[in-house]
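J.: One predicted model, sequence on top.
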Amino acid sequence: MRAAFRVAANRPGEWVLPLIGIVALVGCGQGPGAGPGESAESLPILTPHASQPLLRLGDDADASGGFGRIQGAVLLDDTLLVVADAQPPGLAYFSLDGSLFRRAGSPGQGPGEFRSISWIQVDPEGRGVWAYDGSNRRASLFSPVGELLDEVPVPAVEGLNFPQVVGILPHEVLMLRGSPADAPPREPASGRHRFEARVSVAHRDGGEAAHLWEGVATEMGVAVTGTTANPRMVQGPVPLAGELAVCVGPEGRVAIVPHTRAELHMAGREGDGGPDQGLEGWASQVTSWPEDPRPADADLFRQAVADLIGQMGSGNLPPGVEETYLAMDPPETLPVNEGVLCAPDGSFWVGRYPEPGGSAKEWRLLDSHGSQIVQVHLPSNVRPTWVGTERILAVEEDELGVERVLFLEWRSP
């Protein structure tokens with residue numbers, strides 16, 4: 001889930017990232033940088049320059065025909081760009097010159113169909129791309145030519161309630177997120193709540209699981225309606241609230257970034273991770289960095305709540321819900337992180353939650369050992385969805401909320 005609050009920024013000119021020099025830093029471990037626990041102030045900052053991207057997709061006149069809501073874009077086999085669109089749900093394959101190669105998936109509940117798409121990921125064994133449908137509760141694997149190869153329903157997993165698949169590891173080990181099964185039940189109550197989550201790995205058939213992380217996953221606004229004997233809970237996003245982020249890297253390593261703390265959790269295991277290995281041998285490493293709390297603007301929060309109610313339709317809400325949202329206390333501080341991306345070379349991009357109304361988003365680039373290398377500043381209306389050693393894919397959102405895919409080359413700073 002994306003953070004519910006976005007502030008429209010002035011649309012920047014066309015640009016490209018000046019970043020090829022990072023490749024040498026990541027590959028060789030050389031160059032200026034900060035250790036795992038050091039301040040990012042000592043890191044070099046790389047800033048976009050106004051220039052043409054290699055490719056922009058998403059205009060009505062181009063091969064894409066426009067997108068509804070982009071849930072991800074990845075580079076497949078260095079030859080295809082695959083975009084996951086949620087409105088209507090489906091995948092679109094493009095050649096690197098921007099021509100439409102193939103579409104896959106369509107709205108529905110049958111094989112290869114989607115009711116929704118939450119994320120897209122390159123298959124770790126090179127067979128194509130996975131797309132996850134939380135409404136149909138399954139992950140689907142499509143080949144490089146858009147053929148459905150496999151579907152994996154969300155399994156029942158020990159120690160995990162309400163599991164959702166959040167990543168695919170080699171040998172079809174699943175990374176799942178859900179609520180801890182041993183967590184005490186919540187009494188219905190109105191207001192702001194932080195929800196606990198557990199991140200686990202399990203085989204596709206479920207059952208036994210290895211639990212990798214547990215903590216606060218997100219914040220929700222909750223309004224209780226109905227009768228005391230039969231309460232109804234209505235949940236919705238809270239402005240200025242973050243979300244737990246995860247990604248899958250090479251060799252089945254995973255990264256977990258909580259939005260409440262300035263830290264990156266890396267987990268992996270020895271061996272090939274095949275079915276004969278079971279789920280033994282997982283080990284975790286945590287790297288953290290200093291992060292001064294940033295105060296949240298109470299007036300901005302209240303305006304964002306009012307805007308959220310307007311988007312949901314005040315007249316369509318159950319009795320008492322609007323009043324509950326308007327009465328929520330504003331947060332004292334902003335979330336710390338917003339997103340994590342795993343690069344094919346083993347490095348990690350960790351996004352800092354943006355300052356509302358700011359002109360840039362900050363990403364922290366760490367090597368495979370968790371050492372910080374550089375900061376990358378992107379325009380506030382651009383979010384990367386896939387990062388490589390020479391190119392990245394990002395989604396650009398304009399003032400009207402129209403989303404486009406940008407294919408960018410890294411340049412020497």
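T.: Structure received.
J.: Could you use CA atoms for every contact and neighbour count after this?
T.: OK.
J.: for stretch 365-380, what is the average pLDDT?
T.: Stretch 365-380 comes out with an average pLDDT of 90.
J.: what's the span of that stretch from first residue to last?
T.: One end of stretch 365-380 to the other measures 18 Å (CA to CA, to the nearest Å).
J.: what's the answer for stretch 53-72, then?
T.: Distance between the two ends of stretch 53-72: 18 Å, counting by CA to CA.
J.: Go ahead and name everything in contact with it.
T.: 14-16, 83-88, 92, 96-100, 117-120, 385-386, 395, 402-409 (CA atoms under 8 Å, 6 or more residues apart in numbering).
J.: Apply 7 Å and report the result again.
T.: The contact list for stretch 53-72 (CA atoms under 7 Å, 6 or more residues apart in numbering) reads 15-16, 83-88, 98-100, 117-120, 385, 403-409.
J.: Any regions of the stretch 201-350 of the chain where pLDDT drops low?
T.: Within the stretch 201-350 of the chain, the stretches with pLDDT under 70 are 271-277.
J.: Kindly recompute the last result at 90.
T.: Applying pLDDT under 90 to the stretch 201-350 of the chain picks out residues 207, 223-237, 251, 269-281, 290-291, 308-322.
J.: The strand or helix carrying Leu408 pairs with which strands, parallel or anti?
T.: Assessed by DSSP states H and E, Leu408 sits inside strand 403-409. With DSSP bridges as the test, strand 403-409 is paired with strand 55-57 (antiparallel), strand 391-397 (antiparallel).
J.: Using PDB, write down the CA coordinates of the longest one.
T.: Taking Å, rounded to 0.1, in the frame of the first residue of the first chain, the C-alpha atoms of strand 391-397 are listed here in PDB:
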ATOM      1  CA  ARG A 391      19.600   1.700 -15.800                       C
ATOM      2  CA  ILE A 392      16.600   2.200 -13.600                       C
ATOM      3  CA  LEU A 393      12.800   2.200 -14.100                       C
ATOM      4  CA  ALA A 394      10.700   4.800 -12.300                       C
ATOM      5  CA  VAL A 395       7.100   6.100 -12.300                       C
ATOM      6  CA  GLU A 396       6.500   9.800 -12.800                       C
ATOM      7  CA  GLU A 397       3.200  11.300 -11.700                       C
END
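J.: residues in contact with Ile392?
T.: 386, 407-409.
J.: The lengthiest helix in the chain - contacts with which helices or strands?
T.: In the chain, assigned by DSSP state H, the helix with the most residues is helix 298-312. Helix 298-312 makes packing contacts with helix 321-326 when contacts are defined by 3 or more CA pairs under 7 Å, 6 or more residues apart in numbering; DSSP states H and E.
J.: Show residues contacting the helix it packs on.
T.: With CA under 7 Å, 6+ apart as the test, helix 321-326 has contacts from 190-191, 221, 223, 305, 309, 314.
J.: Mind checking which of those residues are buried?
T.: Taking 16 or more other CA atoms under 10 Å as the criterion, what is buried in the contacts of helix 321-326 is 190-191, 221, 223, 305, 309.
J.: Now distance to Pro144 too, for the residues you listed, in a markdown table please.
T.: Below are the buried ones among the contacts of helix 321-326 laid out as a markdown table (distance: CA to CA, whole Å):
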| residue | distance to Pro144 |
| --- | --- |
| Ser190 | 47 |
| Gly191 | 46 |
| Gly221 | 41 |
| Ala223 | 45 |
| Val305 | 42 |
| Ile309 | 42 |
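J.: mind listing which of the contacts of helix 321-326 are in strands?
T.: 191, 221, 223 (DSSP state E).
J.: Closest one to Val257 out of those, please.
T.: Minimum distance to Val257 across those is 21.9 Å, recorded for Gly221 (CA to CA).
J.: Hmm, the closest one is touching Pro237, no?
T.: Yes. Counting by CA atoms under 7 Å, Pro237 is a contact partner of Gly221 at 6.0 Å.
J.: show me the contacts for Glu248.
T.: No Glu there; residue 248 is Val. By CA under 7 Å, 6+ apart, the contact set of Val248 is 167, 169, 254-255, 342.
J.: ok, now with 6 Å
T.: Val248 makes contacts with Val254, as judged by CA atoms under 6 Å, 6 or more residues apart in numbering.
J.: Show me the beta-bridge partners of it.
T.: According to DSSP bridges, beta-bridge pairing links Val248 with Val254.
J.: Looking at the contacts of Ile392, state which has the most neighbours.
T.: Neighbour counts for the contacts of Ile392 (other CA atoms under 10 Å) peak at Phe407, which has 25 neighbours.
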